[in-house]
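S.K.: Could you work out the structure for the sequence below:
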Amino acid sequence: MVDKLLLVGPGNIGLDYVKVLQALNVNFEVVGRSPKDDWIVSVYEYGIEKYLKESTEKIDYAIVATNENQLYKVTLKLISYGVSNILIEKPGSLFKDELVELKKLSESKNIKLFIGYNRRFYQSVKKCKEKISECNDLISGSFSFTIIPSMINFDKYSKKELERLFLYESTHVIDTIFYLLGKPKELNCYTSGKLEWHPSAAIFQGSGVTEKKALINYESNWTSAGRWWIEISLPNEKLILKPFEKLHHQYRDSFEQRKYLLEDEKIDIDYKPGLYNQVFSFLSNQNDLCTIDEQIENFKWYYKIANYKEI
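M.R.: Numbers count the residues shown, from 1 in each chain. Prediction:
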């Protein structure tokens, strides 16, 4: 499929990528910043900067799966080296101006940049997209994004990173609804409260209309309980992603929620859901991936929803 791929970041998500790359029979190398003697494959442990200085090979593909605070810096180095196609784990950066810089530099070198939102490639989301494409009538959608503090390693993040937690904990939900129903044409956003580590807001509510004329609304309260979910109302049928990995539907004249049988559902069981098809798309047709242009546009809405300001 490709001559060589570079995977930067031998962490948990890096391990998920390795399993997919092995299944796809891709020739790849892994670069990290510390010894990984007990890891699944051998790792170059001296960092991306030293690796690229020593490399004399042309690298066509790279995946950046580092910690969030390293995504921008590592991608800059890969662009400078001239890697032709780069897939960056979400959100790509914690700041819109850094994404804009990546876009400008990549365009000057004719490099393609994508952001890794693997939920676009869930079999459940694929089915939703098919059902929506068959519908020429009125559509509406609701969604919620949440956090579970006990599942967050607060020691892993700096104060600045925690203040931007929404971007890497919640945007996968919003990217999915935009992917399915279109970007907002109008979006009215309201926030209230704050958390010690997330001062911009603790409660989020809003509504609007998308470019595809779908009405959308959302609600999330980070001081309460909840989960990630999306519901899409078609004429006579509601599609329910709760959890995202499964798709249930409910007909208009019934309270019963039935589970859809999905094609290739096993692929989202054997590998991290959505990741196999995301990597396959990156290495082949590059369809349905979030481009750097899309992410920059989406950041405008993410900032508005989370009440963020550019620093």
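
S.K.: now S42, what's its secondary structure?
M.R.: The three-state label given to S42 by DSSP: H, G, I helix; E, B strand; the rest coil is coil.

S.K.: For it, give its distance to I48.
M.R.: 16 Å (C-beta to C-beta, to the nearest Å). Just so you know, the C-beta spots here come from the backbone N, C-alpha and C atoms, and that holds for glycine as well.

S.K.: Quick check on those two: which one has the bigger neighbour count.
M.R.: I48 (24 against 11; other C-beta atoms under 10 Å).

S.K.: I figured the more buried one hits V31, correct?
M.R.: Yes - the criterion here is C-beta atoms under 8 Å, and I48 meets it with V31 at 5.2 Å.

S.K.: State which helix of the chain is the longest.
M.R.: helix 292-306 (DSSP state H).

S.K.: Quick one: distance of that one to the chain centre.
M.R.: 12 Å (C-alpha atoms, centre = their mean, to the nearest Å).

S.K.: What lies in contact with it?
M.R.: 91-92, 96, 99-100, 102-103, 106, 113-115, 166-167, 170-171, 174-175, 178, 183-184, 187, 189, 191, 200-201, 204, 206, 218, 290, 308-310 (C-beta atoms under 8 Å, 6 or more residues apart in numbering).

S.K.: Now K4: closest residue in space that isn't a chain neighbour?
M.R.: N27 (5.2 Å; C-beta to C-beta, 6 or more residues apart in numbering).

S.K.: tell me the pLDDT at the one you found?
M.R.: Looking at N27, its pLDDT reads 94.

S.K.: who are the neighbours in contact with it?
M.R.: V2, D3, K4, L5.

S.K.: where in the protein is pLDDT low?
M.R.: Scanning the chain for pLDDT under 70 picks out the ranges 1, 311.

S.K.: quick one, domains of it?
M.R.: What automatic domain parsing lists as the domains of the chain is 5-116, 119-265+292-306.

S.K.: All the helices of the stretch 101-250 of the chain, residue numbers only.
M.R.: 123-133, 159-162, 165-169, 171-181 (DSSP state H, counting those that start in this stretch).

S.K.: Would you format those as TSV with distance to K259 and mean neighbour count included?
M.R.: Converted to TSV, these look like this (distance: least, C-beta to C-beta, whole Å; neighbours: other C-beta atoms under 10 Å):
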stretch	distance to K259	mean neighbour count
helix 123-133	10	19
helix 159-162	37	13
helix 165-169	27	21
helix 171-181	19	22
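
S.K.: closest one to F244 among those helices?
M.R.: With C-beta to C-beta as the measure, helix 123-133 is the member of these nearest F244 (6.4 Å).

S.K.: Tell me who's in contact with E265.
M.R.: Q123.

S.K.: go with 10 Å
M.R.: By C-beta atoms under 10 Å, 6 or more residues apart in numbering, the contact set of E265 is Y122, Q123, S124, K127, E245, K246, L247, P273.

S.K.: next one: K194
M.R.: With C-beta under 10 Å, 6+ apart, K194 has these contacts: S200, A201, A202, I203, W222, T223, N307.

S.K.: And it, how close does it get to A201?
M.R.: For K194 relative to A201 (C-beta to C-beta), the value is 6 Å.

S.K.: so what sits against both of those two?
M.R.: W222, N307.

S.K.: Just say helix, strand or coil for the residue of the chain positioned farthest from its centre.
M.R.: What lies farthest from the middle of the chain is D253; by C-alpha atoms, centre = their mean that is 35.2 Å. Put simply, D253 is coil when judged by three-state DSSP.

S.K.: Surely it and N236 touch.
M.R.: Yes - using C-beta atoms under 10 Å, D253 is in contact with N236, at 8.3 Å.

S.K.: Would you state the strands of the stretch 201-311 of the chain in chain order?
M.R.: Ranges of strands in the stretch 201-311 of the chain, per DSSP state E, counting those that start in this stretch, are 203-210, 215-221, 229-234, 237-241, 248-251, 257-259, 290-291.

S.K.: should've said the stretch 1-150 of the chain
M.R.: 5-8, 28-31, 61-64, 85-89, 112-116, 140-144.

S.K.: I am finished for the moment; much appreciated.
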